[in-house]
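*Asks:* What shape does this take:
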Amino acid sequence: MSVHPIFRLWSAVAVVFLIGFLACKEPQSDAASAREAWLRAPSLHGLFWNREPQLDHMVAGVKLEGMTRAEMLSLFGEPGYSQVTYPGATRFDQYRLSAKNSQNFRIDYDYDGKVRENMIESSPCTCRLCAADAPAVSNAVLQKSGLLGGKRDDTVPLSLIMAKLDKKLGHAGKIDSSRNVMGGQVWFDYSETWRIDGSPNQFLIADGHVPWRDAPTDRVDDKPVESWAAITFAPECLP
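*Replies:* A predicted model of the protein is given here:
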């Protein structure tokens with residue numbers, strides 16, 4: 001028995017539609033699988049996990065620049081390390097790439113919270129200054145200090161020295177300082193770290209640097225503040 005032409009036409013249309021549907025569904029399924037493998041890699045492969053292949057798959061042909069941080073979190077999950085630097089409130093996130101922890105995937109955001117650039121850095125996902133024994137500051141004091149506000153083009157007042165910052169927060173933080181050569185000149189680099197009380201793995205770090213000739217002693221309290229940052233990191237990026 002011959003088949004009416006109209007049925008052959010509809011069968012052909014159905015086959016074309018099915019092929020198109022499967023072709024669209026396959027990349028979505030692959031992307032979802034890569035994301036799942038990316039998120040589960042640290043817990044599934046013990047001492048030998050590496051999620052660089054998943055990263056390559058997830059970003060292939062995707063323009064990340066201009067995407068929002070919410071979209072990035074939906075794609076990559078929570079970062080291992082996140083830093084918001086003030087004044088200006090610009091953020092960057094880092095994702096640890098392997099158990100070896102020799103590289104990280106870094107995403108930089110602009111003031112509006114959109115991706116400005118992304119890269120793989122040849123450095124570990126860690127926070128050397130984020131020490132559990134750093135003096136604590138409460139969230140209430142931190143919010144009242146006004147340090148976490150401001151506008152895009154704000155600058156640090158010239159009169160803001162570390163001692164004034166200490167006063168805003170109620171006490172000094174954990175001091176770290178060193179003398180380093182950069183650009184043929186010796187610099188005195190310094191920082192203070194506070195642990196944000198009640199918030200696991202969150203810290204505030206203020207820093208600055210001056211030429212060595214302007215720092216005859218290792219005093220930090222009279223030195224200018226260059227910037228400060230609110231830092232959050234996951235246990236996988238503990239120092």
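*Asks:* Next up, the contacts around W212.
*Replies:* 179, 185-188 (CB atoms under 8 Å, 6 or more residues apart in numbering). Every residue, glycine included, has its C-beta placed from N, CA and C.
*Asks:* rerun that using 10 Å as the cut-off
*Replies:* Taking CB atoms under 10 Å, 6 or more residues apart in numbering as the criterion, W212 is in contact with 179-181, 185-188.
*Asks:* phi, psi of it?
*Replies:* With angles defined as degrees, to the nearest 10, W212 sits at phi -60, psi -40.
*Asks:* ok, now W38?
*Replies:* For W38, the backbone dihedrals are phi -60, psi -50 (criterion: degrees, to the nearest 10).
*Asks:* Show the pLDDT at the closest residue to it other than its chain neighbours.
*Replies:* Spatially, and ignoring its direct neighbours in sequence, W38 is nearest to Q54 (4.0 Å; CB to CB, 6 or more residues apart in numbering). Predicted confidence (pLDDT) for Q54: 93.
*Asks:* re the thing from before, which members of the contacts of W212 are classed as buried?
*Replies:* Buried members of the contacts of W212, scored by 16 or more other CB atoms under 10 Å, are 187-188.
*Asks:* Which single one of the contacts of W212 is nearest to S227?
*Replies:* Comparing these against S227 with CB to CB places W187 closest, at 15.2 Å.
*Asks:* ok, and the closest non-adjacent residue to the residue most central in space within the chain?
*Replies:* The centroid of the chain falls nearest to D93 when counting by CA atoms, centre = their mean (1.2 Å). Of all residues not flanking D93 in the chain, P79 sits nearest, at 3.6 Å (CB to CB, 6+ apart).
*Asks:* Look at that neighbour and report its pLDDT.
*Replies:* If you check P79, the pLDDT there is 95.
*Asks:* quick revisit: okay, and the beta partners of the residue nearest to the centre of the chain?
*Replies:* Here D93 sits in beta bridges with S82, I107, going by DSSP bridges.
*Asks:* same thing with A230?
*Replies:* Here A230 sits in beta bridges with V84, L204, going by DSSP bridges.
*Asks:* dump the residue contacts of it.
*Replies:* A230 sits next to 82-86, 89, 91, 142, 147-148, 196, 199, 202-205 when contact means CB under 10 Å, 6+ apart.
*Asks:* just to revisit the earlier point, CSV please, covering the contacts of W212 and showing distance to G66.
*Replies:* Converted to CSV, these look like this (distance: CB to CB, whole Å):
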residue, distance to G66
R179, 41
N180, 36
V181, 39
Q185, 39
V186, 41
W187, 36
F188, 40
